[in-house]
Structures are given as structure tokens and as C-alpha cells.
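Q: Need coordinates for the below:
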Amino acid sequence: KCYFMKNIIFLLKIATPQRRDRKMMQDPMLKRIFILAGIVFFLWLIYLLLPVVLPFVTAFLVAYLLSSLVTSIQKIGLPRWLAIAVVFILMMITLALFAWYIVPMIWAQLIYARDHIPEMITWINNVFLPWVADTFNVDEMEINTDEMSKIIMDYIQTNYSMDNIQATALQLAQSGLNFIQIGGTFLLVPIIAFYFLLDWEKMLVNIRRSLPRPLEPSIVNIAKECHEVLGAFVKGQFLVMLLLGLVYAVGLQLIGLEVGLIIGMVAGLASIIPYLGFMVGIVAAVIATFLQFGVDWWQLALVGLVFLVGQGVEGYILQPFLLGDKIGLSPVAVVFAVLAGAQLFGFVGMLIALPFAAVIVVLLKHLRDSYEKSAWYGAIDHPNVNEHPQLVTPPSVVEQIDDQTNIEISTNNDAINHDDANQK
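A: Sure, this is the predicted structure:
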């Protein structure tokens, strides 16, 4: 029995952490190191699984955008799964009508543009290049279509010769596999989004239950503000894109531009990125005007007028009424956010730059409020700071002189009154 009890005591000593180990685990620095290491490992794992995670992230964003519409339809009395199905069916019908009505018109205008490419080359050789040579006193040049065709054929024969036909076939097979993978991802996103929408309320409840109790009200408040800002921005930006594209398309069609519809639509869609729609639209409209009318300054002035009217409608009507000050960013900050998004994530970064900046503005606002209530800011020593957050400016030199003069006058009056009292 004694030998058996000794073995049990020995095993308990091994299993029980020593006091030194417990002190090490209670060290806040070690805890922070372990937490930081866990975050780094989690981000590294996400990076490795990015091709798998990307469809789920896209589906979550789609579910987030459609959740309000599904909830509104569900209030009619439909089950949630049926409300989700109605939303998806409406989206499919909208896309089908768009393709049925718009695609033939776009195709006809693309054919028109293709047929006028020889006219554009002739105009460049006969009008534009001689004007450049005479105006800037440079040697005249000419676009030779035969030489361009020869250069293209030489490039194809050099890089795609029969010697590397096996590599070309491998590249085509790999491209086909990538195409199949992309197609499968597009098919997978609606299915995942459907299940996200089906369990949306339950998912939100579980996320809220997992929050720390002391921090739950603040986190929920911040999340609600971010949701309101993002929802208003997305809805307003979609309407701005649609109406601005309509203004551009109608205006270009009215001045007689054959490809005005497609240019207006592209400019409206590109306006999701600030200032991009205007630049793309006016450059494309000027080129199309040269192709159709040649050097017609009156027609170019009409094109400029259409885009000036579009910018006026966007700046003074669409933006104030549909978007307002949803983001709270100055124009300089908007340009910086777009360029930073393009540098970090390319074209997708340009698309998500402004919504991401809107969320950052909300977080910075709450961070500033917390800072103004902290001891570092001085809110504890001066409790009235939060009630009157205006900056307290020091008195000017004139005010100080006036105060000193009033004090001296008051002192002199007191002395005179005292002498009068003594004389009496």
C-alpha cells in the first residue's frame, strides 16, 4: 500500500504544474506573446487557404448585402427559405432582362466601332499626324497597317512556334482548368450565400453570445453604426451609378454619338471608383467623336457639355440626396483611400476602398471618444471637459492687460475708501 501511495503522489506531482510554471503562465508579457503567436498562426493559415476561403468570404458579403431585403420580404409572412428563393429569382430575372435588352445594343455598337477602325487609322495618318508635325515642328510619321500586321505575326511565330507546342498545349490546359475552377466558384458562391442567409439571425446571436460581457454593449453599438454607414453607402452608390450612367448615355445619344449608350453605361459603372467614370467616359467619347465626325470642334464641345452636366448632376443632386455625408471623408482622403486600395489589392482594392474607409472612420470616431474620456487626455482631472469639448483658448495680451488694469483700479478704490474711513 505504501509503495502504491508513493507512486500516486509522484504522478500527481508530475501532473500538477509547479509554482514557477504557474507564475510564468500568469505573466502578462508571456500571455501577450502567446496571443500574438496565435494570431500570426491564424493569419498564416488563412493565407494558405485563401483559394478556399475566398468563395466563403464573397458569399458572406453577398449574404450581408441581401439580408435586409430578405428580412423585409419575410415580414410579409413568407418562410425565410422562401424569401431567400424569391430574392435570388428576382436577381436572375433582372439579369436576364438586362442581357436580353442591353447585350444586342452593345453588340451592335461594338460592330460599328470595329467597322470604323480603318477610318480612324486613315484620319490619324491624313489629318492628326500632319497637324502634329506642322504644329510642333517634328518629323512626320505614318501608321502602316502592313508593318503592324507583320510585327504581330512575327511575335506569334517567335513565341508560339511548333517547337514549344507542348508548352502551349499545357498552358491552354491549365487555362481551361482555371476557367473551370472560376466557373465552379461562381456556382458555389450563391449556394453558400443561401445557407448564410438561412442561418443569418442564428449566426448573429451566436457571435453576440461569444462577446465578452463588459465589452458587448460597445461592440454592438460600433457594429450597428458600421452597418448603417455601409448600408446607406451601398444603396446610395448603386443608385448614383445607375442614374449617372443613364444621364451620360441619354446625353451622348442626343448629340448623335452612335456608341453613346455603351460609353454612358461604362462611365456610370466606372463611377463606383471616384473620378474614374468621368475620365474613362470622356476619353472614350472623344475618341468615338473623332471616329464618327472627324475633327468637329462643335461636336467635341457638345461631348464636353454632356460630361459637365453629368458632373453637375452628380455633385449637386445625386451625391447630396442619395449619399450625403455617409463616409465623412474629404476629397483628398477619398483619393488617398482609392490609391492605397489599388496599391494593396489592385482593382478589387479600388472597389472596396471607400466602404473600408467608412468603417475606419467609425472606429476612429469611437477611439477619439475613448481617448477624450481617458486620464491621458485629462478627463479625470477636469471632469467638465466632456460636457464642453470646445478648446479653451488662452486669454490674449489685451485681455490680460485689461484684467490687470481692473485689478489695479479696484485696489486703488479700496485704498481710497480706507483712507476716507480713517479721516472720518
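Q: low-scoring stretches of the stretch 251-400 of the chain, by residue?
A: Within the stretch 251-400 of the chain, the stretches with pLDDT under 70 are 294-295, 323-328, 379-400.
Q: mind checking the longest helix of the chain?
A: Scanning the chain for the longest helix, with DSSP state H as the assignment, gives helix 331-372.
Q: which other helices and strands contact that helix?
A: helix 216-254 (3 or more C-beta pairs under 8 Å, 6 or more residues apart in numbering; DSSP states H and E). In short, each C-beta sits where N, CA and C put it, glycine included.
Q: residues of the helix it packs on that come out buried?
A: The neighbour-count check on helix 216-254 (16 or more other C-beta atoms under 10 Å) flags 225-226, 229-230, 232-233, 236-237, 240-241, 243-245, 247-249, 251-253 as buried.
Q: distance of Leu322 from Phe136?
A: Using C-beta to C-beta, to the nearest Å, Leu322 is found at 45 Å from Phe136.
Q: higher neighbour count, these two?
A: Leu322 (18 against 7; other C-beta atoms under 10 Å).
Q: Wait, the more buried one touches Phe238, no?
A: No. Counting by C-beta atoms under 8 Å, Leu322 stays clear of Phe238, with 9.1 Å between them.
Q: Pretty sure Thr185 sits against Pro55.
A: Yes. The criterion here is C-beta under 8 Å, and Thr185 meets it with Pro55 at 5.1 Å.
Q: Neighbour count: these two, which is higher?
A: Neighbours per residue (other C-beta under 10 Å) separate Thr185 from Pro55, with Pro55 holding more: 18 against 14.
Q: secondary structure element for the more buried one?
A: Secondary structure assignment for Pro55, by DSSP states H and E: helix 50-74.
Q: and the angle for that helix with helix 331-372?
A: 80 degrees (axes from the mean of the first three to the mean of the last three C-alpha atoms, to 10 degrees).
Q: can you offset everything so residue one is 216?
A: Understood, numbering begins at 216; the last thing we discussed is helix 265-289.
Q: Helix 265-289 vs helix 431-469, what angle?
A: Using the same axes, to 10 degrees: helix 265-289 against helix 431-469 is 90 degrees.
Q: ok, and what's touching helix 265-289?
A: Under the contact criterion C-beta atoms under 8 Å, 6 or more residues apart in numbering, helix 265-289 has outside partners 261, 295, 298-299, 301-302, 400, 403-408, 411-412, 415, 446, 449.
Q: so how far is that helix from its chain's centroid?
A: Remark: helix 265-289 is offset 17 Å from the chain centroid, using C-alpha atoms, centre = their mean, to the nearest Å.
Q: Distance from the next helix or strand after that helix to the middle of the chain?
A: Once helix 265-289 ends, the next helix or strand along the chain (criterion: DSSP H and E) is helix 295-330. Relative to its chain's centre, helix 295-330 lies at 25 Å (C-alpha atoms, centre = their mean).
Q: go on, stretch 513-521?
A: 32 Å.
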